[in-house]
Structures are given as structure tokens and as C-alpha cells.
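Colleague: Give me a model of this one.
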Amino acid sequence: MSWGVDDIPDLSGRTAVVTGANGGLGLETARALASVGADVVLAARNQERAAEAMESILASVPDASLTLAELDLGSLESVRKAATEILGAHETVDVLVNNAGVMGIPEQKTADGFEMQFGVDHLGHFALTALLMPALLRAEAARIVTVTSTAHHMGRAVDPENPHLHGRYRPWRAYGQAKLANFHFGLGLNRLLDEAGAPAASLIAHPGLSNTELQAVSVKETGGGLSQRFFLTLARSVGMTPATGALSQLRAATDPGAKGGEFYGPLFVNSGPPVRKPILRRVGMNGAIARLWEVSERETGLKVEL
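Modeller: A predicted model of the protein is given here:
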């Protein structure tokens, strides 16, 4: 049976934080959560576009409860400020969707000197999750959803000796590493929550091939790289709409039947309705998760305190 927005239960009185909510999957995730009563925090770097996203949601959900939080995942200082703002305004966070990301860009550094794709896609979200954990643990049954990609299959686990790929950088190598880090983070976090007996759950999701701005930004950043142009053309021709692509992360975040440690994605690999997917690449996973945690704590200076 297919699953859609109409299957999301009422979330009145619940708080949801969505990163990258100024467009694409994040905007549609925020719109859907707001439509069922959630108080949604639109966390995004570009506040002008975030304000436009808010207006877009209000146009379709006039009674939506929305707030903006300025969040640049490429700056730990910005992540700390955003988390402090969110914690100051909300006693609990019931849903955290770690959605934002960059893809297939030339080598760049974050404000803290991290490789940009690993820094934004993973380390920024690791820091945000760690900082918001007190509010997540105060919720009755919080869900943390980290968005990965089918590109995690081409990724290699993080090397603690060279997590930022110095001398080894390739756009898709870095993207694959970042998306595999998302995969390992979501699963490793759920294991920690389970072991602590915490009332929260961590899940992972991937949107398949969705026609969002991610591909266009990738082309712009690379000056029109061949592989980046290929994925842009593919997404525009056969990709799902952002609203459809967002269903996997929405199901992971809201389906009462979903459980911690599960993985949701489109039925037909990169398209179709959202379904629970098998967890593959289990060989060596425990060690890879342990190394990822070592690197994440070292680079961010933060720990996920339970």
C-alpha cells in the first residue's frame, strides 16, 4: 500500500526542526509537517529564501505555525547559535530532520576548515543533533531522521587519519563519503539511544532521484561539470517532484509503525512510494561507525550526551 501525506498523524503541540527548509525537500517536508499541526522551525542559511519558503507554506497552510532559525551548517559557531535559539524557544523537539546538504562540488572548506561536503552534510548535523539532544530527550518519543542518498553505496568509510581527503579530493568521492557518514550516523545514533534506554529513535531515509535545486547548485559550483550536468538533466527529465521525494523522510519522521534504526526510501530504488529498505553493507559497519564517532567528536568538540 502506498504511503502519502494524508497518512501523517496529527502533530498538534509537537515541535519539528527541518534543516535546509528554504527549498526542495526541506521546504516540502516543512510544509507537510505544518499541514498536520506541527510547530515547524525552518532552519536555513539563506534567511531571505527561508522567509520566501515561509510565505509559500502559509499560502497553502494559512494556519501554519512557523519560525525561522538562521543555520549555516558550514560554521560550528552558527550551529551553536541556532541550537541555543531553538532551545530557548522550545522545551522539547519532537522531530529533527537532518535534511540539508551539498553535492558534487569543487573542493572547498567550511568556516572551521573542514572539507565542505563532509562538514555540511555530516559534521554540521552531528553538532546540531548533539546540541539539541536535551530537548529531544525531553520529548515523549522524538524522531531524528538523517537524510542520506543512494550515493552512500559508492562512499568509503571515513579515515580518521584523513577525513577531509587532503590530496585525495574528488567531488563524488567526497559526496559518497559524506552520504555514507549520514548512513552510519543515523544507525550509530540509534544504537546509542537504545543502549541508554532513551525515549528517542534515530532513522535514516533517502529521497531517490528528486528534481530539486541540489543538482542545479552542483552544476553552478563546478562551472558545468559533465557528471553534474548529467544528473541535472536526469533529475529534470525523470526525477520525482520535491513533494514526492520528501515522502521517505516524512514517513521515517512520522509513521507510527516506523522504528528506530530503520531505513526508508523509494520502492524502485530511486523512484516510487516510500517503503522500508534493507540495511546493506553490514560487514565492517561497527568499526566504521566507531571511527566516524571518533572523528566527529574530535572535529566538532562535541559529544552526543545521553
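Colleague: Which other helices and strands does the lengthiest helix in the chain contact?
Modeller: Longest helix in the chain by number of residues (criterion: DSSP state H): helix 171-196. On a contact count with 3 or more C-beta pairs under 8 Å, 6 or more residues apart in numbering; DSSP states H and E, helix 171-196 meets helix 116-118, helix 124-138, strand 143-147, strand 201-205, helix 226-238, helix 285-300. No exception for glycine: its C-beta is placed from N, CA and C like everyone else's.
Colleague: In the chain, which residue sits furthest out from the middle?
Modeller: Distance from the centre of the chain peaks at residue 167, with 27.4 Å (C-alpha atoms, centre = their mean).
Colleague: For the longest helix of the chain, what is the distance to the chain centroid?
Modeller: Per C-alpha atoms, centre = their mean, to the nearest Å, the displacement of helix 171-196 from the mean C-alpha position of its chain is 11 Å.
Colleague: Name the residues of that helix that come out as buried.
Modeller: If you call a residue buried by 16 or more other C-beta atoms under 10 Å, then helix 171-196 has these buried ones: 171-172, 174-190, 193.
Colleague: Just the mean pLDDT for it, thanks.
Modeller: For helix 171-196, the mean per-residue pLDDT is 97.
Colleague: Now do it against helix 124-138, angle only.
Modeller: Comparing the axes of helix 171-196 and helix 124-138 via axes from the mean of the first three to the mean of the last three C-alpha atoms, to 10 degrees yields an angle of 20 degrees.
Colleague: Strand 201-205 and helix 171-196, what's the angle between them?
Modeller: Counting by the same axes, to 10 degrees, helix 171-196 lies at 160 degrees to strand 201-205.
Colleague: Now the closest residue in space to residue 7 that isn't next to it in sequence. Its backbone dihedrals?
Modeller: Beyond its immediate neighbours in the sequence, the residue positioned closest to residue 7 (C-beta to C-beta, 6 or more residues apart in numbering) is residue 255, lying 7.2 Å away. As for residue 255, its main-chain torsions (degrees, to the nearest 10) stand at phi -60, psi 120.
Colleague: Neighbours of residue 255, how many?
Modeller: When counting by other C-beta atoms under 10 Å, one arrives at 19 neighbours for residue 255.
Colleague: before we move on, what about residue 60?
Modeller: That count, for residue 60 with other C-beta under 10 Å as the rule, works out to 10.
Colleague: and the closest residue to it other than its chain neighbours, how far is that from residue 23?
Modeller: Excluding the flanking residues, the one nearest residue 60 by C-beta to C-beta, 6+ apart is residue 31, at 6.5 Å. Using C-beta to C-beta, to the nearest Å, residue 31 is found at 11 Å from residue 23.
Colleague: higher neighbour count, those two?
Modeller: residue 31 (25 against 21).
Colleague: Where does the more buried one sit, in terms of helix or strand?
Modeller: helix 24-35 (DSSP states H and E).
Colleague: Who are the packing partners of the helix or strand just after that helix?
Modeller: Under the assignment DSSP H and E, the closest C-terminal helix or strand after helix 24-35 is strand 39-44. On a contact count with 3+ C-beta pairs under 8 Å, 6+ apart, strand 39-44 meets strand 15-19, helix 24-35, helix 47-60, strand 65-70, helix 76-89.
Colleague: if we go to 10 Å?
Modeller: strand 15-19, helix 24-35, helix 47-60, strand 65-70, helix 76-89, strand 95-98 (3 or more C-beta pairs under 10 Å, 6 or more residues apart in numbering; DSSP states H and E).
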